[in-house]
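Visitor: Just a sequence and a predicted model for now, questions to come.
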Amino acid sequence: MLRFEGLEQQHPGGPRLRFADAALARGETALLLGPSGSGKSTLLQLAAGLLAPTRGEVWLDGQPLSALAEAARDRLRGARVGLVFQRLHLIPALDVAGNLALARRLAGRPADPARIHQLLAVLGIEALAGRRPHQLSLGQAQRVAIARALVHAPGLILADEPTAALDDAAAEAVARLLLEQASAQGAALLIVTHDARLRPWVARHWQLPAVAA
Amino acid sequence: MSLLRLALAQLAHDRLGQLLNLLLLALGVALAAFLLQLRTQFEQRLTREARGVDLVLGAKGSPLQLVLSSLYHLDVPTGNIRLSEARRWGAHPMVAEAIPLSLGDSWAGHRIVGTTPAYLRLSGATVGEGRLWRAPLEAVVGASVPLAVGARFAGAHGLSGGEAHDQGQYTVVGRLPAGLGSLDRLILTDLASVWLLHGGPAADPRAPDAAREITALLIRYATPLAAASLPQTIQRESSLQAASPAFELTRLRALVGVGVELLQALAGLLLAVAALGVFVTLYRALEARQYDLALLRAMGASRAELAGLLLFEAQILALAGGLLGLLLSHGTLALLALQSRGAIEPAAPLGAEIHLLLLVQLIAALAVILPALRAYRLPVADTLSRR
């Protein structure tokens, strides 16, 4: 589903980041670990095709991203990738159901209110369908973000610090949901984190080395 | 969840910020549409009510005043003229038809006009209910005069009400249908009614024309050649004033035009301020919405869809503002029509109003170019990393 080959990224004025080759198949899960500045978020953005690498190649669902035009990369990302962000993940103008419906629309999937409500029910937040993001607690918003990442049945879920700022109970609930749902959908799951609480949950760890400034 | 619905949701979410833009757009459109309607009605009325009248004879004074008072019943007459002198010119070989008018009295603000049935024919009007007058003190009233057939009333001195005539009362024998312009608010009667009520020698049915007066004589030429010589001849050979409606109306358009142009400039200014408001709101909102827009890109929206989203928002706002403006303009005209006794008519939709709506859409599209371009160029990864 996801493969990195000879990846290097040079940010203007920053150190040159070099990433080891790696691959993640459907149904597999990995934690991307590393100290601050090691390039965790950069690698996640490269995986999603939001950044073009200085060198090397990212393969997503069998397609080399560098060979695709930007619009095609956008379409591929919308259809095949589910993204979970650390904070402020939802469109404030839309209610919870609207946020999920928008994700399906951007993935090129037909509208399916039944699927949305079923997914919200599975995540235990069906009652929040009509609420706006500002009416949700942090834990509730994180569950909605997970639902949105899953609603279009992507092959790859990329989660950026999904448990940061959550207490232990909420962090455990979010981690459990992510792992269960990714597994249920047969999706590959890559979680960027430096939250040590997640380590026991996932067997496969990709450790990025510290980068000298 | 289409982009259109997302744009609607975004506008609803930011409704307080967009309210001022909506009101500015609506006011600009309302003022522009209002002026369009007034100008159209003004032109239509000028043309319609001057139809068939080539020359107006009356007492010396302002020719525009003579035309306004005789054709549109909007100003006070310049004075009276002798019937004998008017008849002399009415019988001129270059004159096909001459219609006398006698003004000076009113009832409840409605002018009483002594004339002949030819005055109705001039407007192509026929009595809708009842019949035409056949004798003095019988009257036919316009549609906005609140008197039923069979009603009796006493006229008052002056065009805006004064001491009531106690010599006799009018009887309404007919009513005109609505939509006849200034006829709607007039009370028409025989010339003899006016002489009868004002007493003196003219009240005697056997009185000579020299003893009687009228206010104006409306003349239709028998030949176009008359325009070149008859007015000058009348001015030279009589004490009367001859005013050409076509000439005076051109002068009136020039006079009123300055005011209309100023108001049009004001409407244009309002629309420009509204466009600037849309631009500033969208541009400033971009700062706050950068993360949302980057999120949309991360979720698969293309650059063009992001720009399209902002364009949608501006177009929806422009359409809502435009329609609200037209509603305001038509509502105001309908209210004015109720109070103006036919001077202003309720607005009928104009083709130019569609052009106005399209113009507002174009202005909104221009206002959104820069914000849309900025959204188009949004660096997604950088924006998402900043938060």
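Guide: Here it is on my side, so go on.
Visitor: need the residues of chain B near chain A, please.
Guide: With CB under 8 Å from any CB of the partner chain as the criterion, chain B meets chain A at residues B:1-2, B:6, B:9-10, B:12-14, B:291-292, B:295-304, B:380-381, B:384-385, B:387. Quick note: C-beta positions are derived from backbone N, CA and C, even for glycine.
Visitor: Tell me which entries of those lie within strands.
Guide: Of the residues of chain B next to chain A, none are assigned to strands by DSSP state E.
Visitor: Quick check on those: which are buried?
Guide: Among the residues of chain B next to chain A, those classed as buried by neighbour count (16 or more other CB atoms under 10 Å in any protein chain shown) are B:1, B:6, B:9-10, B:14, B:291-292, B:295-303, B:380-381, B:384-385.
Visitor: pLDDT weak spots in chain B?
Guide: For chain B, the stretches with pLDDT under 70 are B:1, B:161, B:202, B:341-343, B:387.
Visitor: How about it: which residue is closest to chain A?
Guide: B:Gly300 (1.7 Å; CB to the nearest CB).
Visitor: Looking at the nearest residue to that residue once chain neighbours are set aside now. What's its pLDDT?
Guide: Leaving out its chain neighbours, the residue that sits closest to B:Gly300 by CB to CB, 6 or more residues apart in numbering or on different chains is A:Gly78, at 1.7 Å. For A:Gly78, the pLDDT comes out at 91.
Visitor: surely A:Gly78 meets A:Ala107?
Guide: Yes: A:Gly78 lies in contact with A:Ala107 (CB atoms under 8 Å); the separation is 4.8 Å.
Visitor: Against A:Pro162, how distant is whichever residue of chain A sits closest to chain B?
Guide: Of the residues in chain A, the one nearest chain B is A:Gly78, at a distance of 1.7 Å by CB to the nearest CB. Going from A:Gly78 to A:Pro162 by CB to CB, to the nearest Å gives 20 Å.
Visitor: go on, B:Gln10?
Guide: 26 Å.
Visitor: same check, this time on B:Thr189
Guide: Distance, B:Thr189 to A:Pro162, by CB to CB: 91 Å.
Visitor: More neighbours: which of those two?
Guide: B:Thr189 (29 against 25; other CB atoms under 10 Å in any protein chain shown).
Visitor: Check what contacts the host helix or strand of B:Leu357 and list those residues.
Guide: B:Leu357 belongs to helix B:351-367 when assigned by DSSP states H and E. Residues outside helix B:351-367 that contact it (CB atoms under 8 Å, 6 or more residues apart in numbering or on different chains): B:25, B:28-29, B:32-33, B:36, B:40, B:271-272, B:274-276, B:278-279, B:282, B:311, B:314-315, B:317-319, B:321-323, B:325-326.
Visitor: Among those residues, which are located in helices?
Guide: B:25, B:28-29, B:32-33, B:36, B:40, B:271-272, B:274-276, B:278-279, B:282, B:311, B:314-315, B:317-319, B:321-323, B:325-326 (DSSP state H).
Visitor: Just the buried ones among these, please.
Guide: Buried by 16+ other CB under 10 Å: B:25, B:28-29, B:32-33, B:36, B:271, B:274-275, B:278-279, B:282, B:311, B:314-315, B:317-318, B:321-322, B:325-326, out of the ones in helices among the contacts of helix B:351-367.
Visitor: where does chain A have low pLDDT?
Guide: Using pLDDT under 70, chain A drops low at A:87-88, A:212-213.
Visitor: Write out the residues of it neighbouring chain B.
Guide: A:41, A:45, A:48, A:50-51, A:70-71, A:74-75, A:77-79, A:83, A:85, A:87-89, A:91-94, A:98, A:101-108, A:111.
Visitor: May I see the ChimeraX selection of the buried members of those?
Guide: A single ChimeraX command selects the buried members of the residues of chain A next to chain B (16+ other CB under 10 Å):
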select /A:41,45,48,50,51,74,75,77,78,79,83,85,89,91,92,93,94,98,101,102,103,104,105,106,107
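Visitor: check contacts around the closest residue to A:Gln185 other than its chain neighbours.
Guide: Spatial nearest neighbour of A:Gln185, chain neighbours left out: A:Ala153 (5.8 Å); criterion: CB to CB, 6+ apart. By CB under 8 Å, 6+ apart, the contact list for A:Ala153 reads A:109, A:185, A:187.
Visitor: Which secondary structure state is assigned to A:Ala153?
Guide: Of the three states, A:Ala153 takes coil under DSSP: H, G, I helix; E, B strand; the rest coil.
Visitor: do B:Val56 as well
Guide: strand.
Visitor: before we move on, what about the one 4 residues further on?
Guide: In the three-state summary, B:Lys60 is assigned as coil, counting by three-state DSSP.
Visitor: Quick check: phi and psi at the nearest residue to it once chain neighbours are set aside.
Guide: Counting by CB to CB, 6+ apart, B:Gln241 is the residue found nearest to B:Lys60 once chain neighbours are left out, at 4.7 Å. Torsion angles at B:Gln241 (phi, psi; degrees, to the nearest 10) stand at phi -110, psi 130.
Visitor: what residue is smack in the middle of chain A?
Guide: Centrality entry for chain A: nearest residue to the mean C-alpha point is A:Leu158, 2.1 Å, by CA atoms, centre = their mean.
Visitor: quick one: secondary structure of it?
Guide: With three-state DSSP as the basis, the three-state label of A:Leu158 is strand.
Visitor: show me the contacts for it.
Guide: A:Leu158 touches A:44, A:47-48, A:81-84, A:190, A:192, counting by CB under 8 Å, 6+ apart.
Visitor: all helices for the chain, in order.
Guide: Picked chain A for this. Taking DSSP H to define them, one finds helices in chain A at A:40-47, A:70-80, A:96-106, A:113-122, A:138-150, A:168-185.
Visitor: wrong one, I was asking about chain B
Guide: Counting by DSSP H, the helices of chain B are B:3-13, B:15-49, B:63-67, B:83-90, B:118-122, B:191-198, B:226-237, B:245-298, B:303-339, B:351-367, B:369-376, B:380-386.
Visitor: which one of those helices lies closest to A:Ala147?
Guide: helix B:245-298 (15.2 Å; CB to CB).
Visitor: and the angle for that closest one with helix B:226-237?
Guide: Interaxial angle of helix B:245-298 relative to helix B:226-237 (axes from the mean of the first three to the mean of the last three CA atoms, to 10 degrees): 130 degrees.
Visitor: For A:Arg109, grab phi and psi.
Guide: The phi/psi pair for A:Arg109 (degrees, to the nearest 10) is phi -90, psi 150.
Visitor: hang on, it packs against A:His152?
Guide: Yes: counting by CB under 8 Å, A:Arg109 does reach A:His152; the two are 4.9 Å apart.
Visitor: Show me the common contact partners of these two, please.
Guide: A:Ala79.
Visitor: Looking at those two, which is more packed in?
Guide: Taking other CB under 10 Å, A:Arg109 and A:His152 do not tie; A:His152 has more neighbours (23 against 16).
Visitor: If anything else comes up later, I'll come back, but that's it for now.
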